[in-house]
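Engineer: when you get a sec, could you give me coordinates for this:
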Amino acid sequence: MDLEFNKREDQNKLKLGEINRLIAEIKKGGGEKRLQKLRDEGKMTARERVDYLLDDKRDSIEIGAFAGYGMYEKEGGCPAGGVVVKMGYVSGKQCIVVANDASVKAGAWFPITGKKNLRAQEIAMENRLPIIYLVDSAGVYLPMQDEIFPDKEHFGRIFRNNAKMSSMGIVQISAIMGSCVAGGAYLPIMSDEAIIVDKTGSIFLAGSYLVKAAIGESIDNEALGGATMHSEISGVTDFKAKDDKEALDRIKNIMKSIGSYDKAGFDRCESFPPKEDPENIFGIMPVSRADQYDAYDIIKCLTDNSEFEEYKPDYGKTIICATARIDGWSVGIVANQRKMVKNGRGEMQFGGVIYSDSADKATRFIANCNQRKIPLVFLQDVTGFMVGSKSEQGGIIKDGAKMVNAVSNSVVPKFTIITGNSYGAGNYAMCGKAYDPRLIVAWPWADLAVMGGSQAAKVLAQIQESTLKKQGKEISDGERQRLFEETAQRYQKQTEATYAAARLWTDAIINPTDTRKWISLGIEAADHAPLIEKFNLGIIQV
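Structural biologist: A predicted model of the protein is given here:
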């Protein structure tokens with residue numbers, strides 16, 4: 001290993017260490033005092049419930065741990081969006097688990113909470129996975145009700161999805177382990193089975209104070225909507241558990257009884273680790289997002305035996321297309337090549353840029369993978385499409401549109417790993433969030449933006465300078481530099497991986513060495529959902 005490799009490794013591991021430190025803080029939820037208060041009430045915390053429910057010796061992944069990060073500072077924060085979401089196994093069956101975190105504002109729903117719950121349901125629906133809700137929530141966070149209540153992708157969409165999943169035959173199980181109020185009361189009752197914990201679980205459309213105000217009736221919450229009433233009188237719930245563990249054990253037994261599923265039939269054989277150590281990724285990836293590296297080295301750290309079979313290796317070299325296996329699963333890899341390459345005409349092409357020939361190659365490869373029923377993995381480190389008169393005359397818009405069309409209409413499951421840059425229309429062509437990847441994750445140093453920080457800062461600073469000049473204000477060189485630096489700093493913050501993950505533009509920021517696990521679990525989940533649609537590019541300019 002050379003000195004540069006070691007420098008890169010040290011800097012990138014420091015970045016991962018910072019992400020791990022933030023995740024450790026996020027996992028504390030509303031803080032140790034609030035967590036202990038839940039335990040004193042006879043409850044387990046949200047994460048304790050999830051950990052107890054999931055099979056010990058099986059892999060699991062957490063979706064949206066950074067949701068809400070840095071977004072609600074005036075409200076005291078909303079760690080993990082106030083809800084824990086994991087994909088794992090319960091009694092050997094792969095599923096999604098959603099647990100309200102009552103240590104965060106009593107489990108109240110912020111706008112990001114709703115978005116994260118919808119993302120969990122989307123994953124369950126796309127992959128036909130059973131979904132388990134561990135309910136403990138005070139309902140909508142009223143000071144922000146206008147941002148979560150009425151719109152299409154707001155709170156009400158949760159219950160619409162409950163109904164849709166039921167009609168699709170997707171198993172839904174709920175455990176009412178705390179408050180379940182107002183509209184939120186519909187979620188567990190629209191599930192296949194609803195379990196309620198005695199003394200701590202309650203469910204009603206309106207609590208005792210509101211009932212008193214609305215109709216003048218005096219009644220306590222336990223009599224109004226406690227476990228005994230709903231299990232013995234209303235029949236709203238199916239089983240009364242004495243405590244959290246009994247409720248979770250009941251769920252485990254239900255999951256044991258679930259029958260098998262029709263498979264999509266994605267090919268899998270024996271898994272082999274890469275011959276190239278995945279830890280080498282830290283030394284391969286440059287610290288500066290502008291620097292170059294060879295993407296083949298990254299692929300070798302991810303694929304079984306570090307082997308792959310490349311498609312059109314001598315054509316369209318700024319995108320690498322290859323079939324390979326990851327944890328035994330057959331995959332098609334579409335990766336941005338990040339070093340300068342020479343095309344067939346002897347012209348140099350910039351790494352990370354999509355040219356007409358590379359877009360054309362990727363389009364054909366995506367079509368081939370759909371024809372052969374091979375899931376697609378996008379390794380995204382892209383600065384955008386090539387610009388300039390030569391590219392425009394060569395039809396870059398047409399070729400780029402073909403690639404976007406192929407990604408949009410692909411019916412095989414897609415998985416996106418943002419390894420570095422994710423800029424502009426390159427984000428779209430390489431299967432950004434808008435193009436429905438089954439899972440999309442970022443490495444700790446990833447950047448997501450409409451353009452690179454330096455270029456954007458120059459443009460924004462020039463606009464501000466022009467505005468000031470129109471106001472009759474002269475700008476000195478020092479002021480101009482200060483304006484640029486302030487703009488660059490502000491813009492750079494918005495490009496960071498944590499900013500994107502907070503808003504659920506990505507599902508997680510992961511350790512690069514966990515990439516194989518995420519892809520493997522994702523394909524296994526996707527195998528629950530047989531392919532119904534046929535791949536069709538529709539009308540394209542040829």
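
Engineer: just the pLDDT at residue 192, thanks.
Structural biologist: Residue-level confidence at residue 192 comes out at 94, pLDDT.

Engineer: in contact with it, which residues?
Structural biologist: Counting by CB atoms under 8 Å, 6 or more residues apart in numbering, residue 192 touches 166, 171-173. Just so you know, the C-beta spots here come from the backbone N, C-alpha and C atoms, and that holds for glycine as well.

Engineer: and stretch 79-92, end to end?
Structural biologist: Across stretch 79-92, the straight-line distance between its terminal residues is 30 Å, by CA to CA, to the nearest Å.

Engineer: how about that stretch, which residues are buried there?
Structural biologist: Under the neighbour-count criterion of 16 or more other CB atoms under 10 Å, stretch 79-92 has 79-91 buried.

Engineer: now residue 380: which helix or strand?
Structural biologist: strand 376-382 (DSSP states H and E).

Engineer: what are the pairing partners of the next helix or strand after that strand, and which direction each?
Structural biologist: Helices and strands here follow DSSP H and E; after strand 376-382, the next one along the chain is strand 384-385. Sheet pairing here is set by DSSP bridges, and for strand 384-385 it gives strand 353-354 (parallel).

Engineer: average pLDDT for the partner strand?
Structural biologist: Mean predicted confidence for strand 353-354 is 96.

Engineer: so how far is it off the chain centroid?
Structural biologist: 25 Å (CA atoms, centre = their mean, to the nearest Å).

Engineer: so what touches it?
Structural biologist: Residues external to strand 353-354 that are found in contact with it (CB under 8 Å, 6+ apart): 318-319, 336, 362, 382-386, 400, 403, 426, 429.

Engineer: try it again at 10 Å.
Structural biologist: Surrounding strand 353-354, the residues in contact under the criterion CB atoms under 10 Å, 6 or more residues apart in numbering are 316, 318-319, 336-338, 340, 362, 382-387, 391, 396, 399-400, 403, 423-426, 429-430.

Engineer: so which of those residues are in helices?
Structural biologist: Assignment to helices by DSSP state H places the following of these there: 362, 391, 396, 399-400, 403, 424-426, 429.

Engineer: can you redo these as JSON lines with distance to residue 211, neighbour count and pLDDT?
Structural biologist: As requested, those are exported to JSON lines (distance: CB to CB, whole Å; neighbours: other CB atoms under 10 Å; pLDDT from 0 to 100):
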{"residue": "362", "distance to residue 211": "60", "neighbour count": "29", "pLDDT": "97"}
{"residue": "391", "distance to residue 211": "67", "neighbour count": "18", "pLDDT": "87"}
{"residue": "396", "distance to residue 211": "64", "neighbour count": "19", "pLDDT": "92"}
{"residue": "399", "distance to residue 211": "64", "neighbour count": "27", "pLDDT": "91"}
{"residue": "400", "distance to residue 211": "59", "neighbour count": "24", "pLDDT": "93"}
{"residue": "403", "distance to residue 211": "58", "neighbour count": "28", "pLDDT": "96"}
{"residue": "424", "distance to residue 211": "54", "neighbour count": "17", "pLDDT": "88"}
{"residue": "425", "distance to residue 211": "54", "neighbour count": "18", "pLDDT": "90"}
{"residue": "426", "distance to residue 211": "56", "neighbour count": "21", "pLDDT": "93"}
{"residue": "429", "distance to residue 211": "55", "neighbour count": "32", "pLDDT": "96"}
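
Engineer: tell me the one among those residues nearest to residue 254.
Structural biologist: For the ones in helices among the contacts of strand 353-354, the minimum distance to residue 254 (CB to CB) is 43.0 Å, reached by residue 429.

Engineer: and the closest residue to the closest one other than its chain neighbours, how far is that from residue 450?
Structural biologist: Counting by CB to CB, 6 or more residues apart in numbering, residue 403 is the residue found nearest to residue 429 once chain neighbours are left out, at 4.8 Å. Taken as CB to CB, to the nearest Å, the spacing of residue 403 relative to residue 450 amounts to 18 Å.

Engineer: do residue 467 as well
Structural biologist: 20 Å.

Engineer: and those two? Which one has more around it.
Structural biologist: Using other CB atoms under 10 Å, the more surrounded residue of residue 467 and residue 450 is residue 450, with 14 against 10.

Engineer: ok, that one touching residue 495?
Structural biologist: Yes: when contacts are counted by CB atoms under 10 Å, residue 450 is listed as touching residue 495 (9.2 Å).

Engineer: what residues sit buried inside stretch 248-256?
Structural biologist: Across stretch 248-256, burial judged by 16+ other CB under 10 Å covers 248, 250-252, 254-255.

Engineer: got it, and stretch 345-356?
Structural biologist: When burial is assessed from 16+ other CB under 10 Å, stretch 345-356 yields the following buried residues: 349-356.

Engineer: which of those residues lies closest to residue 28?
Structural biologist: residue 352 (37.8 Å).

Engineer: which one is the closest one nearest to, not counting chain neighbours?
Structural biologist: If you skip the residues right next to it in sequence, residue 352 has residue 383 as its closest partner in space, 4.5 Å away by CB to CB, 6+ apart.

Engineer: done for today, thanks.
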